[in-house]
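Asks: one predicted model, sequence on top.
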Amino acid sequence: MDTFLQSRSASLFAEALQLIPGGVNSPVRAFRGVGGEPFFVEKASGGRIWDVDGRDYVDFVGTWGPAILGHAPAVVRDAITSAAQRGVSFGIPNPLEVEMARQIVSWVPSIEKVRMVNSGTEATMSCIRLARGFTQRDLILKFEGCYHGHVDSLLVKAGSGALTHGQPDSAGIPKSLAALTLTLPYNDGEALERIFVERGREIAAVIVEPVPANAGLYLPRPGYLEKMRSLCSEYETVLIFDEVMTGFRLAKGGYQERCGIHPDLTALGKVIGGGLPVGAFGGRTEMMDYLSPDGPVYQAGTLSGNPLAMAAGLAQLREMERVGGWNRLEEIGAEFESGVKRVLARSGKRYNFRRIGSMFCLYFTEGDVWDLASAQRSDKAAFGRFFHGCRERGVYFAPSQFEAGFLCVAHSEADLERTERVTGEVLSLL
Ligand SMILES: *Cc1c(COP(=O)(O)O)cnc(C)c1O
């Protein structure tokens, strides 16, 4: 190919393919869910990103959730800079860790003690180990299409990239380990009851995304999570809410604040790090004290509680509170939804649009979506054409039908107007 005609993204990707498996450091970035090649980002600010070829996009990925205020807000940049002047990592307790713990414990209803880790994956992995150690049971129960990071025991019928790539069950996980993971369809209360009656006393933990957002986005049916809570209490099974995506996004205290159901353990990530690599998990004191050094369950991390990450996360959370970020996101969400509905009505398409707060998904199916099976009825080829059409016109949605979209506080009128115009144009061409 004539390299003079090649875009910078294309030549960077060609080189990346030689050096990095699939050219990417996380699979969904490879665009396999929609075809074509990814672009490379030069910079990001507010609700927009710019690629290395100088094109700008209204961004609804928000670095997969963390950028809740928008990209690179001044408060977060300043917090990182000033923390860095005092040192970038200590490996000895630092005051920011206590501040972060105080913030989490005061906001998230079910958390009495919390430990910091470096990713959502680490958070869910640690919750599972803690639940098994605490209950002295081996089985865990998860739901089809829920994604909890790339933890061995949890890459069974998983969502997100695993689903996009048609590999909800990964190679490299011993059958004997996968056999300890039971799975059920989400939102099926009867199946849940049945499995508890059969095996409840062997199940260490139930782990769930209370609002599943890694197979698109669908909501719990009324009473479903309540039933899960009461079955777990009855059988002394640990209920783990994976709020890595919903935590600090759907409300200051996560989805558990909105629904009023208190899990035993909660996994957090994404928003909590302000864009730096952070996760956390917490819960009742009695259970958290089962962790080393007080208890028998080992868990550790060289960079856990890193001062730059704590500073960035704290700055983001405080700014959200200062600007009334969650109310603002509800308003932006409602405005965005009206735009989508107008566009759908004009195009004559009756696709299923799902939204809660600042999270959304447009499924390319007319049927209702409550679980993985109904989400998979979506027309993925149509989604792919929609994705590329929008991208070519300066609107960037996640490159897979099975990812949620994210709104941020910085999305402006102009961003929403461009989105309405572009999506309208693209839908009419499908
Ligand atoms: C993103 C995500 C994870 C994994 O977090 P990483 O930081 O990517 O390891 C876990 N659970 C849920 C619900 C997520 O959305």
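Replies: Received, thanks.

Asks: from this structure, which residue is nearest to the ligand?
Replies: G120 (2.2 Å; CB to the nearest ligand atom). Quick note: C-beta positions are derived from backbone N, CA and C, even for glycine.

Asks: report pLDDT for the residue lying closest to that residue once chain neighbours are set aside.
Replies: Spatial nearest neighbour of G120, chain neighbours left out: G269 (3.2 Å); criterion: CB to CB, 6 or more residues apart in numbering. Per-residue confidence (pLDDT) for G269: 98.

Asks: and for the one 4 residues further on?
Replies: pLDDT, G273: 98.

Asks: quick one: residues contacting the residue of the chain closest to the ligand.
Replies: 148-149, 242, 244, 267-270, 279 (CB atoms under 8 Å, 6 or more residues apart in numbering).

Asks: how about 6 Å then?
Replies: G120 makes contact with 149, 244, 269, 279 under the criterion CB atoms under 6 Å, 6 or more residues apart in numbering.

Asks: tell me the contacts of E190?
Replies: No contacts exist for E190 under CB under 6 Å, 6+ apart.

Asks: can you tell me the SS state at it?
Replies: helix (DSSP: H, G, I helix; E, B strand; the rest coil).

Asks: just R385 next, same as before
Replies: With three-state DSSP as the criterion, R385 reads helix.

Asks: look up how far A215 lies from it.
Replies: 20 Å (CB to CB, to the nearest Å).

Asks: the residue nearest to K113 when sequence neighbours are not counted: neighbour count?
Replies: Nearest in space to K113, with sequence neighbours left out and distances taken as CB to CB, 6+ apart, is M288 at 3.9 Å. The tally of other residues near M288 (other CB atoms under 10 Å) stands at 22.

Asks: C259 too?
Replies: Residues contacting C259 under the criterion other CB under 10 Å number 17.

Asks: next one: I140
Replies: Per other CB under 10 Å, the neighbour tally for I140 reads 24.

Asks: repeat for L303
Replies: 15.

Asks: what of E202?
Replies: E202: 14 surrounding residues under other CB under 10 Å.

Asks: quick one: contacts for the nearest residue to it once chain neighbours are set aside?
Replies: Nearest residue to E202, sequence neighbours excluded (CB to CB, 6+ apart): L139, at 4.8 Å. Applying CB under 6 Å, 6+ apart to L139 gives the contacts 180, 182, 202-203.

Asks: try it again with 7 Å
Replies: By CB atoms under 7 Å, 6 or more residues apart in numbering, the residues touching L139 are 180, 182, 199, 202-204.

Asks: before we move on, what about W107?
Replies: W107 touches 252-253, counting by CB under 7 Å, 6+ apart.

Asks: quick check: G367 vs A375, distance?
Replies: 10 Å.

Asks: quick one: which of these two has more around it?
Replies: Taking neighbours as other CB under 10 Å, G367 and A375 compare with A375 leading, 27 against 12.

Asks: in a helix, A16, correct?
Replies: Yes - assigned with three-state DSSP, A16 falls within a helix.

Asks: ok, the nearest residue to it once chain neighbours are set aside - how many residues close by?
Replies: Using CB to CB, 6+ apart and skipping the chain neighbours, the partner closest in space to A16 is G23 (3.8 Å). Applying other CB under 10 Å, we find 18 other residues in the vicinity of G23.

Asks: correct me if wrong: G23 contacts L17.
Replies: Yes - taking contacts as CB atoms under 7 Å, G23 lies within contact range of L17: 4.3 Å.

Asks: quick check: which element contains R102?
Replies: Using DSSP states H and E, R102 falls within helix 95-107.

Asks: run a quick neighbour tally on E15.
Replies: Residues contacting E15 under the criterion other CB under 10 Å number 10.

Asks: thinking again about what came up before, so what pLDDT did the residue of the chain closest to the ligand get?
Replies: 98.

Asks: quick one: the longest helix along the chain to chain centroid distance?
Replies: If you go by DSSP state H, the chain has its longest helix at helix 325-347. How far helix 325-347 lies from its chain's middle: 21 Å, per CA atoms, centre = their mean, to the nearest Å.

Asks: the next helix or strand after that helix: how far from the chain's middle?
Replies: Once the chain leaves helix 325-347, the next helix or strand it forms, by DSSP H and E, is strand 352-356. How far strand 352-356 lies from its chain's middle: 16 Å, per CA atoms, centre = their mean.

Asks: same thing with stretch 274-283?
Replies: The answer for stretch 274-283 is 12 Å, by CA atoms, centre = their mean.
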